[in-house]
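> A structural model of the following input is requested.
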Amino acid sequence: GNGRARRALIESGWSYRFPARKTKHLRHKEADASEEAKAVAWKAQKRLCGRYYTLTRAGKNTKLVCVAIARELAGFVWGIVCQEMPKLAVH
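Residues are numbered from 1 along each chain as shown. You can find the predicted model right below:
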């Protein structure tokens, strides 16, 4: 796959070390997003933060956990893109 995309996903995976919360910055960034995209993004945030915690508490290597989180994140990103693309094509 694309090395830059892979690196971006892996780097993003590290942010799920912390508990899921909607910060002021996050609320500002999602202001223009559709309600469906916001729902999927929040579902991803909760799932991936919980998954990171669960896997690290089980004694898994944190680097491998981050790669697993990145793989799941790619699925959520793909889902949002597939959901939003038909709406963008109409406009």
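
> and the pLDDT at the nearest residue to Leu55 once chain neighbours are set aside?
Excluding the flanking residues, the one nearest Leu55 by CB to CB, 6 or more residues apart in numbering is Val65, at 4.4 Å. No exception for glycine: its C-beta is placed from N, CA and C like everyone else's. pLDDT for Val65: 97.

> where's Val65 relative to Arg17, distance?
9 Å (CB to CB, to the nearest Å).

> which SS class is Ala20?
coil (DSSP: H, G, I helix; E, B strand; the rest coil).

> quick one: contacts for it?
42, 45-46, 49-50 (CB atoms under 8 Å, 6 or more residues apart in numbering).

> just to revisit the earlier point, tell me, how many neighbours does the residue nearest to Leu55 end up with?
Counted by other CB atoms under 10 Å, the residues lying close to Val65 total 21.

> does it touch Cys49 like I think?
No: using CB atoms under 8 Å, Val65 is not in contact with Cys49; the gap is 11.8 Å.

> most centrally placed residue in the protein?
Closest residue to the average C-alpha location of the chain: Leu73 at 4.3 Å, with CA atoms, centre = their mean.

> picking up where we left off before, so which of the contacts of Ala20 are in helices?
In helices, judged by DSSP state H, the following of these are found: 42, 45-46, 49-50.

> which residues of this structure fall in helices?
Going by DSSP H, the chain shows helices at 3-13, 24-29, 35-57, 62-90.
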